[in-house]
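Trainee: need a structure here:
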Amino acid sequence: MINKVYIFSDSFLLINGLILFFKENYRIDLINLSKISNTMLEKKSLLIVDNMSSISDEIIDNMELEILLISNIVEQKPGTLNIFSNEEQLLGLFNTYLTPLINTQELSESNLTSRETEVLKLISLGHSNQEIADKLFISKHTVISHRKNITEKLGIKTISGLTVYAILNNLIDTKNLDNLQLI
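Mentor: Predicted structure coming up:
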């Protein structure tokens, strides 16, 4: 399980973009490093870098780090983070490292009502507020109220983040989904 997530880069835009992405989608702080040493990093952490030559082999071996290399090359290789990736691709990549962290935080803090869970399932399947209202025989305003409560309880603001949450917590079964439902 990943304990901390660090970033080491000279790019102001890259650092701040990832910090915002992590706050919105994982409710964890991305720690920005100005230099890297063994004393700064916790074991079993995720380190995001844009230059592998800035990290010594000793740090990699001793800290048991997972490392993501940021690449500006359009053709993405395994183990690299492409700066041209969209939000869905980033969520997919980071979920491989952060799923245990998300599950333990979200399950202990969610306390969604059964109705909120129903609304979350329908949001995750791409239904509009009006469609949800029609399916559950409630008003559109009630759906909006439920959505507000869900985002407050989970701390997840984006639809893609809510969908990832629903999948990770087995609220929706992706095996039975038609690809056309996800468009």
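Trainee: quick one: Thr163 is in a helix?
Mentor: Yes - applying DSSP: H, G, I helix; E, B strand; the rest coil, one finds Thr163 inside a helix.
Trainee: Please name the residues that touch it.
Mentor: 123-124, 172 (CB atoms under 8 Å, 6 or more residues apart in numbering). (C-beta placed from N, C-alpha, C; glycine too.)
Trainee: change it to 7 Å
Mentor: Ser124 (CB atoms under 7 Å, 6 or more residues apart in numbering).
Trainee: Same question for Leu93.
Mentor: Leu81.
Trainee: Can you report how many residues lie near Gly48?
Mentor: Check again: residue 48 is Ile, not Gly. Counted by other CB atoms under 10 Å, the residues lying close to Ile48 total 23.
Trainee: Next: Asn149.
Mentor: Asn149 has 15 nearby residues by other CB under 10 Å.
Trainee: And for the one 3 residues further on?
Mentor: Applying the criterion other CB under 10 Å, we find 10 residues in the vicinity of Glu152.
Trainee: Could you check how far whichever strand or helix holds it is from the centre of its chain?
Mentor: Using DSSP states H and E, Glu152 sits in helix 140-154. Put simply, helix 140-154 sits 20 Å off its chain's centre (CA atoms, centre = their mean, to the nearest Å).
Trainee: which secondary structure elements does that helix contact?
Mentor: helix 114-124, helix 129-136 (3 or more CB pairs under 7 Å, 6 or more residues apart in numbering; DSSP states H and E).
Trainee: which stretch among those comes nearest Gly17?
Mentor: Gly17 lies closest to helix 114-124 among those, at 25.0 Å (CB to CB).
Trainee: Can you give me the buried ones in that closest one?
Mentor: 116-120, 122-124 (16 or more other CB atoms under 10 Å).
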